[in-house]
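Colleague: next input, structure requested:
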Amino acid sequence: MSPGAPPEHLAAVVARIESAGAKAFVSRGLDRTIVGVIGDGSRMAELTLAGMPSVTTVLRVSEPYKLVNRQARTDRSVVWVGSGGREVPVGPGTFTLIAGPCAVESAAQTLGAARLAAGAGATLLRGGAYKPRTFPGVFQGLGKDALRILADVREATGLYVVTEVIDPADVDLVASYADMLQIGATNMQNYALLDSVGRQNKPILLKRGLQASVDEWLMAAEYVAQRGNCEIVLCERGIRTFETATSATLDLAAIPLVQRLSHLPVVVDPTHAAGRRDLIVPLARAAIAAGADGLLIDVHPDPENALVDGAQALAGAELRELASAVRQLPPMLGRRPALPRGEGAGSVRLGSPSS
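Modeller: The predicted model follows:
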């Protein structure tokens with residue numbers, strides 16, 4: 001549909017599709033609305049949808065994922081995170097660093113991590129309020145208290161908040177604090193959760209499951225988009241293979257592959273792929289070279305005493321090395337830093353990687 005298509009034009013298109021016995025899925029983005037159609041292709045051709053008011057393009061998409069398919073829009077999407085005219089872009093042409101503590105432990109720890117992240121060039125703050133863990137007896141996150149801490153740190157630093165939601169019952173609560181909702185790898189095919197976040201008016205960070213194929217990953221994104229939310233960023237975080245030297249095997253080929261199959265942005269989490277601090281920067285460099293739209297990095301002011309995943313959190317020399325890679329490599333590929341709207345390259349950042 002054309003930008004600004006009135007509701008009555010959209011309703012007329014949906015009604016005509018459904019009159020032919022097909023299903024219409026409407027997904028609204030910031031710059032356009034896409035109607036995905038599942039039904040008999042030959043019958044759809046007879047509906048002459050292209051001649052209807054506000055319809056700009058009609059494309060036949062053979063893959064089961066219609067809304068997130070690259071054929072649905074020839075240009076790749078930019079997802080904007082935040083509000084108030086200072087939204088941060090994630091997508092082609094820019095490079096976005098998302099960084100912060102794996103888990104929110106305290107206000108001081110989170111603020112310290114946020115300042116380190118901002119000093120390294122981050123414009124989005126990651127922080128776990130709810131932590132699904134392999135072992136039930138360990139720290140599971142501070143829950144609502146952590147959400148309040150993240151909101152306070154956002155006010156103090158200007159970094160928008162990305163945090164994971166793990167239970168459909170918590171989606172409204174988390175969305176009231178967060179600027180972007182994260183679906184973790186273990187929940188990629190939690191369809192009740194995908195349904196809930198798909199009905200939210202907040203961008204979604206969708207991590208690839210440890211054993212998910214690229215098609216399964218894109219179908220999970222399609223599930224969210226069919227609920228009306230196409231503001232989705234995909235995150236490659238490594239898959240399970242026979243190798244045990246690292247937490248997972250980072251699938252670098254998935255970056256350009258998914259960018260050819262889908263219009264959605266693709267970021268990479270080398271932290272959880274490596275599971276060890278010394279490999280994060282090399283994997284980050286490789287991800288940038290492969291065309292990733294951004295990185296998701298664990299940062300902690302005191303990694304040795306972190307309650308969660310301290311062995312893979314960056315600080316000090318390793319964080320300075322990452323900051324250098326983020327500053328130098330993306331421009332070589334024609335990408336500029338993903339700063340909030342209205343901020344130039346000379347904008348001041350809080351803290352520094354050496355703090």
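
Colleague: residue 20: neighbour count?
Modeller: Number of residues near residue 20 (other C-beta atoms under 10 Å) recorded here: 14. Every residue, glycine included, has its C-beta placed from N, CA and C.

Colleague: shaky segments in the stretch 151-300 of the chain?
Modeller: Along the stretch 151-300 of the chain, no part satisfies pLDDT under 70.

Colleague: in it, what residue spans correspond to strands?
Modeller: Assigned by DSSP state E, counting those that start in this stretch, the stretch 151-300 of the chain shows strands spanning 160-164, 180-183, 204-207, 232-236, 266-268, 294-298.

Colleague: let's have these in JSON lines, adding distance to residue 339 and mean neighbour count.
Modeller: Below are the strands of the stretch 151-300 of the chain laid out as JSON lines (distance: least, C-beta to C-beta, whole Å; neighbours: other C-beta atoms under 10 Å):
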{"stretch": "strand 160-164", "distance to residue 339": "12", "mean neighbour count": "24"}
{"stretch": "strand 180-183", "distance to residue 339": "16", "mean neighbour count": "24"}
{"stretch": "strand 204-207", "distance to residue 339": "19", "mean neighbour count": "26"}
{"stretch": "strand 232-236", "distance to residue 339": "17", "mean neighbour count": "27"}
{"stretch": "strand 266-268", "distance to residue 339": "16", "mean neighbour count": "27"}
{"stretch": "strand 294-298", "distance to residue 339": "13", "mean neighbour count": "29"}
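
Colleague: mind putting those strands into CSV with distance to residue 51?
Modeller: Listed next are the strands of the stretch 151-300 of the chain as CSV, based on distance: least, C-beta to C-beta, whole Å:
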stretch, distance to residue 51
strand 160-164, 42
strand 180-183, 38
strand 204-207, 34
strand 232-236, 30
strand 266-268, 35
strand 294-298, 40
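
Colleague: so which of the ones you listed is nearest residue 310?
Modeller: Proximity to residue 310 (C-beta to C-beta) singles out strand 294-298 among those, at 8.9 Å.

Colleague: next, the angle from the closest one to strand 232-236.
Modeller: With axes from the mean of the first three to the mean of the last three C-alpha atoms, to 10 degrees defining the directions, strand 294-298 sits at 60 degrees from strand 232-236.

Colleague: circling back: between the strands of the stretch 151-300 of the chain, which one is nearest to residue 122?
Modeller: Across the strands of the stretch 151-300 of the chain, residue 122 has its closest neighbour in strand 294-298 (7.7 Å, C-beta to C-beta).

Colleague: confidence score at residue 346?
Modeller: At residue 346, the model reports a pLDDT of 38.

Colleague: contacting residues around residue 147?
Modeller: For residue 147, the contacting residues are 129, 163, 173, 174, 177, 178, by C-beta atoms under 8 Å, 6 or more residues apart in numbering.
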